[in-house]
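Visitor: Here is a sequence together with a model predicted from it:
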Amino acid sequence: MDNVDTVIMKPPKVKNKGANPIQITAEQLLQRAFLDRKKPFVQQDYKIRDEDDLDQIKQQKRRDFEQKIRTQRFHIGHWLKYALFEESLQEFRRARSVYERTLEVDYKNISIWLKYIEMEMRHKFINHARNLFERAIEFLPRVDQFWYKYAYMEELVGNYIQARNIYQRWMNWRPEEKAWLSFVAFEQRVGEIQNARQVMYNYMDAFPRLKTYLKVAKFEVKLGFKKEARKLLENTIEELGEESLKEEYFITFGKFEIREKEFDRAREIFKFGLENITKEKSKKLYEEYLQFEKQFGSKDEIDNLIFNERRLQYKKLISQNQNNYDAWFDLVNLEIETKNINRIRDTFENAIKNVPKNNNEKRLWRRYIYLWYSYATFEELEQGDILRANQIYERALKLVPHKNFTFSKLWVMYAQFQLRCQDLDKARKIFGIALGKCPNDKIFQEYIDLEYKLTNLVRVRQIYEKYIEVFPDNPLPFVQWAKLEKSLDELDRYRAIFEIAIAHQSMNMPETVWKSYIESEIELKEYENVRRLYEKLLGKSKNVKIWISYAQFEASIQEKGKCREVFKRAEEYFKGEKEMKEQRAMVIEQWKEQEIKFGDQEFIQQLQEKMPKRVKKQRKIKIVEGDLEEDAGYEEYYDYIFPGEEEDSKYLKILWKAQQRKKIQEQKQKEVQEQQKEIIN
């Protein structure tokens with residue numbers, strides 16, 4: 001570096017500073033730029049003529065992706081696009097391979113796990129999804145999203161026991177409060193109330209603070225366990241000590257006793273709270289106590305004071321927002337308590353003047369229309385003014401924007417009102433107008449119920465025809481109509497309706513129709529028709545549940561031979577499908593249980609010999625780089641080995657071991673040859 005000479009460049013001197021005789025205009029510059037412009041790059045349009053062209057394009061795309069991830073290894077977006085590309089080609093093994101390589105780059109990236117899992121769930125690879133969830137929660141147990149999705153997936157597929165186990169494993173990590181409440185909600189959804197209560201108490205033990213205790217107490221009240229709620233509230237102050245000396249605790253406890261009509265207990269609770277909490281921290285408690293005394297006192301002056309105070313409070317809220325319908329309801333109910341008829345009607349009229357401005361926001365309209373319900377009910381039942389109630393219904397129906405949405409309850413209440421007025425024709429007319437303007441399930445159901453109670457079966461059938469015409473994809477009208485005809489011993493009509501329903505290709509939830517049809521035929525003891533329906537259903541779907549249900553039906557009518565024949569057909573079918581070993585195992589298991597019920601030891605022994613073994617196996621994971629395939633280890637999976645397949649399995653295992661030995665020998669030979677070349681060189 002010291003021997004290099006430094007050259008300093010100087011700008012040349014201008015010898016002639018005069019004007020150039022040839023002047024260049026802006027127009028010439030633009031014209032020259034336009035002539036010398038670069039032509040836009042036009043991407044070549046690939047035309048796929050055969051499978052070779054398609055494979056060539058696939059290989060090119062894969063090379064492009066491999067090049068990108070080779071140069072930008074930690075750019076996760078390239079990896080995800082690569083996996084999505086393979087998924088779009090239905091190349092799930094390749095997609096999984098890409099995802100696995102991505103996880104090797106950054107296994108702590110939550111998005112990678114979620115995308116991987118969502119792919120498996122999207123294509124209904126439930127067991128793959130389970131395996132991924134297990135790996136995810138093992139590596140990242142503090143990521144709540146994995147636990148939520150895992151439990152939700154098991155719940156969706158109806159595997160409630162597994163979902164509960166997942167929640168229990170999650171709770172061992174002491175997650176946040178939302179996780180516990182999610183567990184409680186799950187138990188409530190599956191109807192396990194006692195389990196939900198136990199989870200709530202475990203949640204309380206995990207978070208021993210006042211907020212948690214109050215939440216558990218409210219939960220007990222909601223479920224109707226009021227004695228347990230009272231006991232919990234009483235123990236709160238003993239278990240939490242000074243932490244429980246807060247106004248929200250005494251307010252909650254006091255309100256609970258008020259709802260239980262234990263006014264003396266509520267009074268003592270309020271007093272105890274005010275005595276043990278400073279005045280600065282008990283303002284709200286004092287207001288609640290004052291409200292309690294005003295509300296449950298015995299003097300008329302106190303009542304008037306309460307009404308005036310509350311009325312001013314509600315009017316203040318309404319002045320801030322004229323569309324605060326909750327405040328309007330509170331004000332109306334307050335006026336109803338005063339029993340001042342003129343004031344009640346004025347309040348109702350002022351309330352219904354505040355029509356929602358947005359005709360597309362049904363949620364706000366739903367709260368608003370309840371004012372009309374209350375108004376009409378008040379005039380009819382409280383005042384007995386039929387004419388005024390009828391006018392209120394008509395005004396409400398004119399006001400609702402039926403083109404955007406409607407309210408079934410409004411139409412039904414109006415029709416029922418006419419029935420109470422003994423005007424059947426008017427009620428039918430109202431239902432007819434409703435079905436013409438805005439038909440929906442509830443209006444149809446109410447209209448059918450009305451005509452059925454009147455034993456007007458002709459009209460009932462006409463309404464069902466209209467129902468099916470309007471909602472042809474809904475299985476409910478088909479099933480209900482068919483059951484009606486069955487109850488009337490119109491068996492030809494009943495079967496014709498069901499046949500039309502099962503022949504309908506775009507029916508929503510067709511299994512509902514099939515199930516109802518089969519159950520109805522079983523009730524009629526038309527067993528040949530039941531068999532015909534099962535065979536027809538199997539022609540559409542070979543689901544293992546259908547086979548099992550078919551066999552159980554035969555068993556229920558003591559047709560042992562036909563039951564065994566169905567099970568045998570099912571086994572033969574799944575035996576021919578190599579990818580359905582698990583379904584075949586389910587069939588054999590159900591068959592065995594049925595034979596145990598029959599008590600036939602010979603068949604039980606035969607089925608016991610057919611029972612498969614559930615074994616853990618390994619399979620290769622291959623990584624494709626360009627035109628080369630590389631082994632990336634093995635992954636474990638469960639397989640079923642049936643009797644007669646074990647010898648083939650042993651042979652394959654021996655062959656695999658031989659191939660492994662051959663590879664090791666070839667590798668050693670290569671190493672020896674390389675060493676000899678080095679020595680020669």
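Guide: Perfect, I can see it now.

Visitor: how about Leu334, what does it touch?
Guide: Taking CB atoms under 8 Å, 6 or more residues apart in numbering, we find Leu334 in contact with 307, 310-311, 314. Glycine gets a C-beta too; all of them are placed from N, C-alpha and C.

Visitor: repeat for Ile352
Guide: Ile352 is in contact with 368, 371-372, 375, counting by CB under 8 Å, 6+ apart.

Visitor: Filter these down to the buried ones.
Guide: With neighbours counted by 16 or more other CB atoms under 10 Å, the contacts of Ile352 contain buried members at 368, 371-372, 375.

Visitor: Tell me where the stretch 551-681 of the chain has helices.
Guide: Under the criterion DSSP state H, counting those that start in this stretch, the stretch 551-681 of the chain carries helices at the ranges 560-575, 581-598, 601-610, 646-680.

Visitor: Redo those helices as CSV? Include distance to Leu364.
Guide: Below are the helices of the stretch 551-681 of the chain laid out as CSV (distance: least, CB to CB, whole Å):
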stretch, distance to Leu364
helix 560-575, 55
helix 581-598, 51
helix 601-610, 63
helix 646-680, 67
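
Visitor: Select from those helices the stretch with the lowest mean pLDDT.
Guide: Looking at the helices of the stretch 551-681 of the chain, the lowest mean pLDDT belongs to helix 646-680 (a mean of 68).

Visitor: and the closest residue to Phe146 other than its chain neighbours, what helix or strand is that in?
Guide: Excluding the flanking residues, the one nearest Phe146 by CB to CB, 6 or more residues apart in numbering is Ala136, at 4.5 Å. Assigned by DSSP states H and E, Ala136 belongs to helix 126-139.

Visitor: The stretch 301-450 of the chain: helices as residue ranges?
Guide: Counting by DSSP H, counting those that start in this stretch, the helices of the stretch 301-450 of the chain are 325-338, 341-352, 362-377, 386-399, 408-420, 424-437, 441-453.

Visitor: Output the ones you listed as CSV; include the columns distance to Gln67 and mean pLDDT.
Guide: CSV is the format used below for the helices of the stretch 301-450 of the chain (distance: least, CB to CB, whole Å; pLDDT from 0 to 100):
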stretch, distance to Gln67, mean pLDDT
helix 325-338, 62, 88
helix 341-352, 69, 90
helix 362-377, 52, 89
helix 386-399, 66, 91
helix 408-420, 61, 91
helix 424-437, 62, 90
helix 441-453, 57, 91
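
Visitor: Let me see the contact set for Leu488.
Guide: With contact taken as CB under 8 Å, 6+ apart, Leu488 is in contact with Leu457.

Visitor: any idea how far it lies from Ile588?
Guide: Leu488 sits 44 Å away from Ile588, taking CB to CB, to the nearest Å as the criterion.

Visitor: cool, Asp264 as well?
Guide: 68 Å.

Visitor: neighbour-wise, which of the two wins?
Guide: Per other CB atoms under 10 Å, whichever of Asp264 and Ile588 has more neighbours is Ile588, with 21 against 8.

Visitor: Hmm, Glu572 and that one touching each other?
Guide: No: judged on CB atoms under 8 Å, Ile588 makes no contact with Glu572 at a distance of 11.7 Å.

Visitor: Tyr368 is in contact with Asn324, isn't it?
Guide: No: taking contacts as CB under 8 Å, Tyr368 lies outside contact range of Asn324: 10.8 Å.

Visitor: Now do the shared contacts for those two.
Guide: Applying CB under 8 Å, 6+ apart, one finds that no residue jointly contacts Tyr368 and Asn324.

Visitor: Now flag whichever of the buried ones among the contacts of Ile352 is closest to Lys271.
Guide: The shortest gap between Lys271 and any of the buried ones among the contacts of Ile352 belongs to Leu371, at 39.3 Å (CB to CB).

Visitor: check contacts around that closest one.
Guide: Leu371 neighbours (CB under 8 Å, 6+ apart): 325, 328-329, 332, 348, 351-352.

Visitor: Of those residues - the most surrounded one?
Guide: Trp328 (25 neighbours).

Visitor: CSV for the helices of the stretch 301-450 of the chain, including distance to Ile518?
Guide: Formatted as CSV, those follow (distance: least, CB to CB, whole Å):
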stretch, distance to Ile518
helix 325-338, 49
helix 341-352, 52
helix 362-377, 39
helix 386-399, 43
helix 408-420, 32
helix 424-437, 32
helix 441-453, 24
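
Visitor: wait, which of the ones you listed is closest to Ser282?
Guide: helix 325-338 (25.3 Å).

Visitor: quick check: angle from that closest one to helix 362-377?
Guide: 10 degrees (axes from the mean of the first three to the mean of the last three CA atoms, to 10 degrees).

Visitor: tally of neighbours for Val458?
Guide: Applying other CB under 10 Å, I find that Val458 has 8 neighbouring residues.

Visitor: Three-state assignment for it, please.
Guide: Under DSSP: H, G, I helix; E, B strand; the rest coil, Val458 falls in the helix class.

Visitor: Please dump the contacts of Ile352 into CSV; it should also carry distance to Leu381 for every row.
Guide: Compiled in CSV, these are given as follows (distance: CB to CB, whole Å):
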residue, distance to Leu381
Tyr368, 21
Leu371, 16
Trp372, 15
Tyr375, 11
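
Visitor: Now for those residues: which two are most distant?
Guide: Using CB to CB, these span at most 11.6 Å, a distance reached by Tyr368 and Tyr375.

Visitor: The chain: strands as residue ranges?
Guide: Assigned by DSSP state E, the chain shows strands spanning 613-625, 628-641.

Visitor: any residues touching the last one, and which ones?
Guide: Taking CB under 8 Å, 6+ apart as the criterion, the residues outside strand 628-641 that touch it are 97, 100-101, 581-582, 584-585, 612-624, 649.

Visitor: From those, keep the buried residues only.
Guide: 97, 100-101, 581-582, 584-585, 612, 621, 624.

Visitor: Out of the helices of the stretch 301-450 of the chain, flag the one nearest Ala151.
Guide: Of all those, the one in closest proximity to Ala151, counting by CB to CB, is helix 362-377 (30.0 Å).
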